[in-house]
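Novice: Turn this into a structure:
(one chain, ligands or ions: 2)
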Amino acid sequence: MSELWVEKHRPRSVTEMRGQRAVVDRLRKYAEVGTFPHLMFAGPPGTGKTTAALALTHDVFGDSHRQNLLEMNASDERKLESIRTKVKRFARTAPLGGSTFKVIFLDEADSLIHEAQGALRRIMEKYSETCRFILSCNYSSRIIEPIQSRCAVFRFRPLSDEQSLAQIVAVAKSEGVKLEDDAAAAIVHVSLGDLRKAITALQVAAAMDNHVTRDLVYETSATAPPEVLQAYLLACREDGFQPARRRLREILDDFGLAGTDFVNQLHGELHSMEFLTGPTRLDLTELMAEIDFRLVEGGGEMLQLDAMTARICSSIGA
Ligand SMILES: Nc1ncnc2c1ncn2[C@@H]1O[C@H](COP(=O)(O)OP(=O)(O)O)[C@@H](O)[C@H]1O
Ligand SMILES: [Mg+2]
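Specialist: Ligands and ions are numbered 1, 2, ... in the order given. Sure, this is the predicted structure:
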């Protein structure tokens, strides 16, 4: 894997982005007039926040966009001091290509603690004549109000299945990958609206075999397919604790899952298990939330998973 496909196939212009219609329409207007206010991009991973920041600067500055852009990651730059120093150095030189401002992209701004955000706000003010800030974060609620109120806020949504599928198929075609239809659907299924995850899953699978099948996708993406999770629940219902427990262990081995992966994937499939009644699904959801919490808090993995299996067996067992 010499080159990462996520980078290679990153849209260069905002007009090439998939989905995010509301965002893209507004950003195109900025590109047309050639200027924009401070921006905040909020949303889950792999939905195009970094892509949009790079594409917008490209659309506004054309060929000189690299020189007019400073990219920083707030979680790398632990101390705000290093952010301050870099901004200062960057803001000292004039923008290239006839522009009146330069752009500072600060990724993962919500990883900064509140005091650091206060200092960031002062930096934004000090350099706002010559620089526009684009902040990206997973949750806008983790950004202090005085920063939010200085930015135009954009919300990025998980990509729809159709949008993810279209991008996966396009990347596969351009890379000469033979991608089966149900394999493409499996990639969409495992990636949950996260295009970084989707394209990475495609590249990882294609590195094993250029003919990408559904099985290969599940094997290489640490995700158990729906029918395997269903078989575990059926074992809980029909066969009882010991067989169900054995099956769970096989699944963890076969697909390389951690306990929390299993619980979350099982939860993701609950709605498609037609043999469960509505109230049972609710009970199981509560149970999984509890087990997930205990696992995250450090409860012993096998013990917690056995406890879950035992409770599922008594809830839906014959
Ligand atoms: N809306 C989108 N349209 C097309 N490709 C996208 C989109 N969102 C993400 N991608 C792909 O996924 C990769 C990661 O996206 P990125 O913008 O870095 O996500 P994040 O929201 O985490 O910043 C990009 O390099 C690109 O290949
Ligand atoms: Mg990003």
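Novice: Strands of the protein, start to end?
Specialist: 39-42, 69-73, 102-107, 131-137, 152-155, 178-179, 211-212 (DSSP state E).
Novice: Using CSV, lay out those together with distance to ligand 1, mean neighbour count and mean pLDDT.
Specialist: Glycine gets a C-beta too; all of them are placed from N, C-alpha and C. Shown next, in CSV, are these (distance: least, Cβ to the nearest ligand atom, whole Å; neighbours: other Cβ atoms under 10 Å; pLDDT from 0 to 100):
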stretch, distance to ligand 1, mean neighbour count, mean pLDDT
strand 39-42, 7, 24, 97
strand 69-73, 11, 17, 90
strand 102-107, 7, 23, 92
strand 131-137, 6, 24, 94
strand 152-155, 11, 16, 96
strand 178-179, 16, 17, 98
strand 211-212, 18, 19, 98
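Novice: Can I get the ones you listed in CSV including distance to Arg12?
Specialist: Converted to CSV, these look like this (distance: least, Cβ to Cβ, whole Å):
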stretch, distance to Arg12
strand 39-42, 17
strand 69-73, 13
strand 102-107, 15
strand 131-137, 17
strand 152-155, 19
strand 178-179, 24
strand 211-212, 26
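Novice: Between these, which one is closest to Glu162.
Specialist: strand 178-179 (16.0 Å; Cβ to Cβ).
Novice: The closest one - contacts with which helices or strands?
Specialist: In this structure, strand 178-179 packs against helix 161-174, strand 211-212, with contacts taken as 3 or more Cβ pairs under 8 Å, 6 or more residues apart in numbering; DSSP states H and E.
Novice: How far away from the center of its chain is that strand?
Specialist: 24 Å (Cα atoms, centre = their mean, to the nearest Å).
Novice: tell me the contacts of Val153?
Specialist: Each residue near Val153 by Cβ atoms under 8 Å, 6 or more residues apart in numbering is listed here: 39-40, 42, 140.
Novice: my bad, should have said Glu71
Specialist: Neighbour list for Glu71: 105, 107 [criterion: Cβ under 8 Å, 6+ apart].
Novice: Show me what it is bridged to.
Specialist: Beta-bridge pairing of Glu71 under DSSP bridges involves Phe105.
Novice: and the closest residue to Leu284 other than its chain neighbours, how many neighbours?
Specialist: Leaving aside its chain neighbours, Leu284 sits nearest to Leu270 (6.2 Å; criterion: Cβ to Cβ, 6 or more residues apart in numbering). The tally of other residues near Leu270 (other Cβ atoms under 10 Å) stands at 16.
Novice: From what I see, Leu270 and Leu276 are in contact.
Specialist: Yes - here Leu270 lies in contact with Leu276, judged by Cβ atoms under 8 Å, at a distance of 6.9 Å.
Novice: residues shared between the contacts of the two?
Specialist: With Cβ under 8 Å, 6+ apart, Leu270 and Leu276 have common neighbours Leu284.
Novice: surely Gly240 meets Ile312?
Specialist: No - the pair Gly240 / Ile312 is not scored as a contact, 10.9 Å apart, by Cβ under 8 Å.
Novice: Between the two, which has more neighbouring residues?
Specialist: Ranked by neighbour count (other Cβ under 10 Å), Gly240 and Ile312 place Ile312 first, with 24 against 14.
Novice: What pLDDT does the model give the most centrally placed residue in the chain?
Specialist: With distances taken as Cα atoms, centre = their mean, the residue of the chain nearest its centroid is Pro45 (2.4 Å). With respect to pLDDT, Pro45 has a value of 96.
Novice: who touches the nearest residue to it once chain neighbours are set aside in this structure?
Specialist: Of all residues not flanking Pro45 in the chain, Asp194 sits nearest, at 5.7 Å (Cβ to Cβ, 6+ apart). Residues in contact with Asp194 (Cβ under 8 Å, 6+ apart) are 44-47, 158-159.
Novice: same for ligand 1: which of those are within range?
Specialist: 45-47 (Cβ under 6 Å from any ligand atom).
Novice: give me the number of residues near Arg121?
Specialist: 18.
Novice: residues contacting it?
Specialist: Neighbouring residues of Arg121 by Cβ under 8 Å, 6+ apart: 144, 146-147, 150.
Novice: ditto for Arg214
Specialist: Here Arg214 is in contact with 180, 182-183, 185-186, 225 (Cβ under 8 Å, 6+ apart).
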